[in-house]
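1. Below are the sequence and a predicted model; questions follow.
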Amino acid sequence: MVDASTLNSDPDRLFFAYWVPNVSGGLVVSKIPQNTGWDLQSNVRYARTAESVGFEYALTQIRFTASYSAASQHESVSFSQALLHHTETLKVIAAILPGPWNPAVVAKQVASIDNYTDGRIAVNIVSGWNKSEFHAIGEWWLDHAERYRRSYEFIKCLRGIWTAPEDEGFTFAGDFYRFRNYKLSPKPVARPHPDIFQGGNSDDAKNNGAEVADWYFMNGMDLEGFRTQIADVKERAKKFGREKVVKFAVNAFVIVRDTEEEAVRTLQEIQGKADVEAVEAFKKEVQNAGASASNGQGMWATSTFKDLVQYNDGFKTKLIGTKEQVAERIVLLKSLGVNLVLTGFLNYEEEVEAFGKHVIPLVRELEKQGRGKDEAFEIERTGDVYRK
């Protein structure tokens, strides 16, 4: 097996991340058996394996209440810190929900963890989709535009607190947050600050991605969906001189088997054994939230029942097939402008390692051959699988 540092030596490489299963129920809302633990001990094992086989990022999830088949949930920031203390190179992205969290608390927490771990923590600012969760913990449920406007201020505050001049501190007067000469010490060691991820499909989400986030997370979608969304966010970013700054990440559920037929059968079994009650409840929550976006295209607004069996439309990304097919599709995504692929698996005990041993090296070999740079070539070669 190639050493991970050698595998990831090209500065122009695509990055790989994985969903951390820090909530119960696995990565699909299905009654199919999933060999995936959600406890810390299992997750330490997955993290150590992941970094040894070429993964560079991991994303923890945030839930405050049971939902979407996740009856139990570990908190994201503390769980991220625990994983960081058991690993050496992996960057862990902690999901943060404005409302329950204040930016001052997050800025302080993350700056401290950043110092403990030599700059290996990042944040993913999520704006919230679960109205009942907000009500359960005594938080106001804002409409879609206001939730994203709050997230915008939240990210502005994080960036400002982390980068404010030592002598002046950070001052901000917004509708949701206010600071006066706040001086954070110590500052993060990551420069200019820890990575800030944010995602969505709505105009509000795209505006946040264009103006204040470092990374823009996308759900799975078809070929034109990826192309349109990436072009749209870049065009919006031009107004702020950030069109070459914002990077793009896409969610993908991965099923790699010896044959494409076997991989497709596994997908069909996952969907066929879906937890219907849990998926329908989730569908009701998120499609109400998504439909309230100004353009009617919030996250999950057009997702089908089968799509919603997996987090963030991961089946649509089509990383389902043989290792060679999956590697080819990944370099197509890279050619479209994707910088990071966020993976999820049915059986973490086996599949995190298998993906790192068998798929990432194939992608690196294709990159060495110059693949993933010519969009027209990659679409001609592989694009049909993504068309509607």
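-> Cool, got the structure. The structure displayed is predicted, hence computed values, not measured ones.

2. okay, CA-based contacts and neighbour counts for the rest of this
-> Noted.

3. how close does the nearest residue to C157 once chain neighbours are set aside get to V123?
-> Leaving aside its sequence neighbours, C157 sits nearest to P103 (CA to CA, 6 or more residues apart in numbering; 6.4 Å). P103 sits 12 Å away from V123, going by CA to CA, to the nearest Å.

4. cool, and H74?
-> Where V123 is concerned, H74 sits at a distance of 16 Å (CA to CA).

5. same question, L340
-> For L340 relative to V123 (CA to CA), the value is 15 Å.

6. do F197 as well
-> F197 is 6 Å from V123, by CA to CA.

7. So those two - more neighbours on which side?
-> F197 (26 against 22; other CA atoms under 10 Å).

8. Assumed that one was part of a strand.
-> Yes: under DSSP: H, G, I helix; E, B strand; the rest coil, F197 falls within a strand.

9. so what's it bridging to?
-> N124, W215 (DSSP bridges).

10. got a list of what it touches?
-> A122, V123, N124, I125, A213, D214, W215, Y216, F217 (CA atoms under 8 Å, 6 or more residues apart in numbering).

11. what's the answer for W19, then?
-> A58, L59, T60, Q61, L342, T343, G344.

12. out of these, which are inside strands?
-> Taking DSSP state E, the ones among the contacts of W19 that sit in strands are A58, L59, L342, T343, G344.

13. starting at the chain centroid, how far to stretch 197-214?
-> With CA atoms, centre = their mean, to the nearest Å as the basis, stretch 197-214 stands 13 Å off its chain's centre.

14. Alpha carbons of it, in PDB - could you do that?
-> Provided in PDB are the C-alpha atoms of stretch 197-214 (Å, rounded to 0.1, in the frame of the first residue of the first chain):
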ATOM      1  CA  PHE A 197     -17.600  25.100   5.100                       C
ATOM      2  CA  GLN A 198     -21.200  26.000   4.200                       C
ATOM      3  CA  GLY A 199     -23.700  24.600   1.800                       C
ATOM      4  CA  GLY A 200     -27.200  24.500   0.300                       C
ATOM      5  CA  ASN A 201     -29.100  24.900  -3.000                       C
ATOM      6  CA  SER A 202     -30.900  28.200  -2.400                       C
ATOM      7  CA  ASP A 203     -29.900  31.600  -3.600                       C
ATOM      8  CA  ASP A 204     -29.300  32.500   0.100                       C
ATOM      9  CA  ALA A 205     -26.900  29.600   0.500                       C
ATOM     10  CA  LYS A 206     -25.100  30.500  -2.800                       C
ATOM     11  CA  ASN A 207     -24.700  34.100  -1.700                       C
ATOM     12  CA  ASN A 208     -23.200  33.000   1.600                       C
ATOM     13  CA  GLY A 209     -20.900  30.600  -0.200                       C
ATOM     14  CA  ALA A 210     -19.800  33.300  -2.700                       C
ATOM     15  CA  GLU A 211     -19.100  36.000  -0.100                       C
ATOM     16  CA  VAL A 212     -18.000  34.500   3.200                       C
ATOM     17  CA  ALA A 213     -17.300  30.700   3.100                       C
ATOM     18  CA  ASP A 214     -14.100  29.000   2.100                       C
END
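
15. For burial, what's the neighbour tally of the residue nearest to C157?
-> P103: 23 neighbours (other CA under 10 Å).

16. was I right about it contacting Y152?
-> No: the pair P103 and Y152 fails to qualify as a contact (CA atoms under 8 Å) at a distance of 11.2 Å.

17. my guess is N207 meets K234, correct?
-> No: the pair N207 / K234 is not scored as a contact, 10.0 Å apart, by CA under 8 Å.

18. And the contacts of W19, which is closest to K31?
-> Checking those against K31 by CA to CA gives G344 as the nearest, at 16.6 Å.

19. which residues does that closest one contact?
-> Per CA under 8 Å, 6+ apart, neighbours of G344: Y18, W19, L27, A252, F253, V254, G314.
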